[in-house]
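Undergrad: okay, sequence plus prediction incoming.
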Amino acid sequence: MNLASADRSLATVRVKFMGDLPSLTGKRNLEVTLPHGSTVADLFASLSKRFGDDFSRRVFSSPLRLRHTMLVFVDGEHIKHRGGLAAVLGDSEVEVIMLPMFGGG
């Protein structure tokens with residue numbers, strides 16, 4: 001495989017952390033390189049590996065089940081309209097926004 005075909009087999013995913021997530025990640029924005037065809041679940045597996053158990057506990061209520069307070073968008077569309085965690089990230093750069101919701105009173 002030459003370098004040009006290797007480059008096409010990877011996608012750059014831009015992740016924007018919102019709410020209290022930057023306090024866990026130390027970042028508001030991050031670029032993650034994943035193989036083309038990767039899913040939102042693959043992205044979260046990569047993020048969980050990178051940021052550890054505190055991140056995973058904040059995002060997931062159980063394995064592969066996002067907390068109800070998490071909103072995740074891919075290219076501006078909520079993942080529930082794209083197959084949830086099985087949503088494919090696509091062949092181009094995408095942006096994933098994780099926005100924890102806070103209860104009011």
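TA: All right, it came through fine. Numbering: from 1, shown residues only.

Undergrad: low-confidence stretches in this protein?
TA: Applying pLDDT under 70 to the chain flags the ranges 1-8, 90-94, 100-105.

Undergrad: could you rerun that using 50?
TA: Counting by pLDDT under 50, the chain shows low-confidence ranges at 1-5.

Undergrad: list the buried ones in the longest helix along the chain?
TA: Longest helix of the chain, by residue count under DSSP state H: helix 40-59. When burial is assessed from 16 or more other C-beta atoms under 10 Å, helix 40-59 yields the following buried residues: 40, 42-48, 51, 55-56, 58-59. C-betas here are computed from N, CA, C, even on glycine.

Undergrad: mind putting those residues into TSV with distance to Arg14?
TA: Converted to TSV, the buried residues of helix 40-59 look like this (distance: C-beta to C-beta, whole Å):
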residue	distance to Arg14
Val40	14
Asp42	15
Leu43	11
Phe44	15
Ala45	17
Ser46	13
Leu47	13
Ser48	18
Phe51	16
Phe55	18
Ser56	21
Arg58	20
Val59	18
